[in-house]
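S.K.: Dropping the sequence and predicted coords here.
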Amino acid sequence: MDALNRIRNLAKRKLMTIVLPEYDDKRTIEAVRIIEQEKIAKPLVLTPDVIDKNILDSYIGEYYKLYQSKDVDLDTVKKLFSDNLYYAAMMTRQGKADGLVAGANHTTADVARACIRCIGLDERFTIASSCFIMDLPGNQYGANGTFVYADCGVIPDPNARQLYCIAVTAAELAAKVLDITPRIAFLSYSTKGSAKTKSAQKIAEALDLLKQQVPELLADGELQADAAIVPEVAKIKCPNSPIEGKANVLIFPNLEAGNISYKLSQRLSGCRAIGPLFLGLNKPASDLSRGCFAQDIVDSVAVSATRAQ
């Protein structure tokens, strides 16, 4: 069974409520039909008749109290909540939904902003990032062809601490959603100091921090991609690596590398990509590509439901 089917089956164990604000998108409507038919989750589509005016006013008031110290005026808040994406995010914050999936008609920046401000940040990390689950059934690398790529959608140029946070949250997702032992590789164009650059130094600092804070995680860096995922190459380039060329969680040095890599993997290999899945929030939330298909929405809902269980 491939990773995506496993995730859908995991989601079915306990049906969670996932809110979908893009009610007028045909792909969302088709996805909801599939989700309900296969009993993957309880999809809550935010059609206009679902939105309660009194609750909307209370959400506007709560959001205003949260951010008025940052010179946010009430009219600006009301304008934000004219988009029901913010209503959905506040529902998730309040526990009236267990997770959120949006992005078919919104940019990643819009979805991320609503989720960060309304759902809030996990106090352990205080940053939000994102990842993709990449699945190529039958492939010999990673976890039988399955990887987590991070960060591919949020932080342009993460510093050492941010890389550490991205790695830990991506590993947590891999363990919970994919039921695998995370094997983390901090990727670079050099392996173990073969190039002396600020990027390599940043990765070394991130790895040191991870080893101090979460020593039980298997991680190594900096590693070139082949040294990270091909055991035969790892034996030559980094024979003492604890991940032994079997990485399944790939941490990219910056957003350019991550975004380019996931799109090349997707288009050149036929790999399925689920995400961006937000990391570091208090509740599960997932973005979508505006070019997504209904099945992509179903998969993102299944991941969000599994994370919420």
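M.R.: Happy to help now that I have it. Numbering: from 1, shown residues only.

S.K.: what sits against Ala11?
M.R.: Ala11 is in contact with Ile40, Ala41, Val301, Ala302, Val303, Ala305, Thr306, Gln309, counting by Cβ atoms under 8 Å, 6 or more residues apart in numbering. (Each C-beta comes from the backbone N, C-alpha and C, glycine too.)

S.K.: List only buried entries from those.
M.R.: Ile40, Ala41, Val301, Ala302, Val303, Ala305, Thr306 (16 or more other Cβ atoms under 10 Å).

S.K.: separation between the spatially closest residue to the fourth one that is not a sequence neighbour and Ile40?
M.R.: If the residues on either side of it in the chain are set aside, Ala302 comes closest to Ala11, at 4.3 Å by Cβ to Cβ, 6 or more residues apart in numbering. Separation of Ala11 from Ile40 (Cβ to Cβ, to the nearest Å) stands at 5 Å.

S.K.: mind checking the SS state of Ile274?
M.R.: strand (DSSP: H, G, I helix; E, B strand; the rest coil).

S.K.: May I have the beta-bridge partners of it?
M.R.: Ile133 (DSSP bridges).

S.K.: give the contact list for it.
M.R.: Applying Cβ under 8 Å, 6+ apart, the residues near Ile274 are Leu4, Phe132, Ile133, Asp135, Ser286, Asp296, Asp299, Ser300, Val303.

S.K.: Would you mark the buried spots in stretch 256-265?
M.R.: Here stretch 256-265 shows Ala257, Gly258, Asn259, Ser261, Tyr262, Ser265 as buried, counting by 16+ other Cβ under 10 Å.

S.K.: Check stretch 209-224 too.
M.R.: Buried-residue list, stretch 209-224, by 16+ other Cβ under 10 Å: Leu209, Leu210, Leu217, Leu218, Ala219, Asp220, Gly221, Glu222, Leu223, Gln224.

S.K.: Check stretch 103-122 too.
M.R.: For stretch 103-122, a neighbour-count test (16+ other Cβ under 10 Å) marks 103-106, 108, 110-120, 122 as buried.

S.K.: Asp75: which element?
M.R.: helix 74-80 (DSSP states H and E).

S.K.: Mind giving me the packing neighbours of whichever helix or strand comes after that helix?
M.R.: Per DSSP H and E, helix 74-80 leads on to helix 84-94 as the next helix or strand towards the C-terminus. Secondary-structure packing of helix 84-94 (3 or more Cβ pairs under 8 Å, 6 or more residues apart in numbering; DSSP states H and E): strand 17-20, helix 53-67, strand 99-101, helix 108-118.

S.K.: Distance to Pro231 for these - can I get that in TSV?
M.R.: As requested, the helices and strands packed on helix 84-94 are exported to TSV (distance: least, Cβ to Cβ, whole Å):
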stretch	distance to Pro231
strand 17-20	38
helix 53-67	49
strand 99-101	36
helix 108-118	35
